[in-house]
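S.K.: What follows is a protein structure lacking sequence information:
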């Protein structure tokens, strides 16, 4: 399943006229970017919380 839409990667690919692998690539790329940004944000917050 992909996100809250309830669509599979295959269904998304069919609706957009793309290869399923293309959809998988872009979802994976997006998740990597979000993960990095989240970890960065958590690091900034942790640093601000622990500043004496």
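M.R.: Yep, it's here. In this text the structure is predicted, and so the values were computed from the model without any measurement.

S.K.: make it CA atoms for all contacts and neighbour counts henceforth
M.R.: Fine.

S.K.: quick one: contacts of stretch 17-35?
M.R.: Contact partners of stretch 17-35, identified using CA atoms under 8 Å, 6 or more residues apart in numbering, comprise 9-10, 12-14.

S.K.: let's see 7 Å
M.R.: Identification of contacts with stretch 17-35 by CA atoms under 7 Å, 6 or more residues apart in numbering yields 9-10, 13.

S.K.: now it, how far from the chain's geometric center?
M.R.: Relative to its parent chain, stretch 17-35 has a centroid offset of 8 Å by CA atoms, centre = their mean, to the nearest Å.

S.K.: what do you get for stretch 16-24?
M.R.: Mean C-alpha position of stretch 16-24 versus that of the full chain (CA atoms, centre = their mean) differs by 16 Å.

S.K.: Can you find which helix in this structure contains the most residues?
M.R.: Across the chain, the longest stretch assigned as helix under DSSP state H is helix 20-49.

S.K.: residues of that one that come out buried?
M.R.: Within helix 20-49, the residues scored as buried using 16 or more other CA atoms under 10 Å are 20, 23-24.

S.K.: one step back: out of the contacts of stretch 17-35, which are buried?
M.R.: Buried members of those, scored by 16+ other CA under 10 Å, are 9-10, 13.

S.K.: Specify which member of the residues you listed is nearest to residue 48.
M.R.: If you rank those by distance to residue 48 using CA to CA, residue 9 comes first, at 39.4 Å.

S.K.: The closest one and residue 23, how far apart?
M.R.: Distance, residue 9 to residue 23, by CA to CA, to the nearest Å: 6 Å.

S.K.: repeat for residue 36
M.R.: Distance from residue 36 to residue 23, by CA to CA: 20 Å.

S.K.: separation between the residue sitting nearest the centre point of the chain and residue 38?
M.R.: Closest to where the C-alpha atoms of the chain average out (CA atoms, centre = their mean) is residue 31, at 2.3 Å. In this view, residue 31 and residue 38 are 10 Å apart by CA to CA.

S.K.: and if you look at residue 29?
M.R.: From residue 29 across to residue 38, the span is 14 Å (CA to CA).

S.K.: again with residue 15
M.R.: 30 Å.
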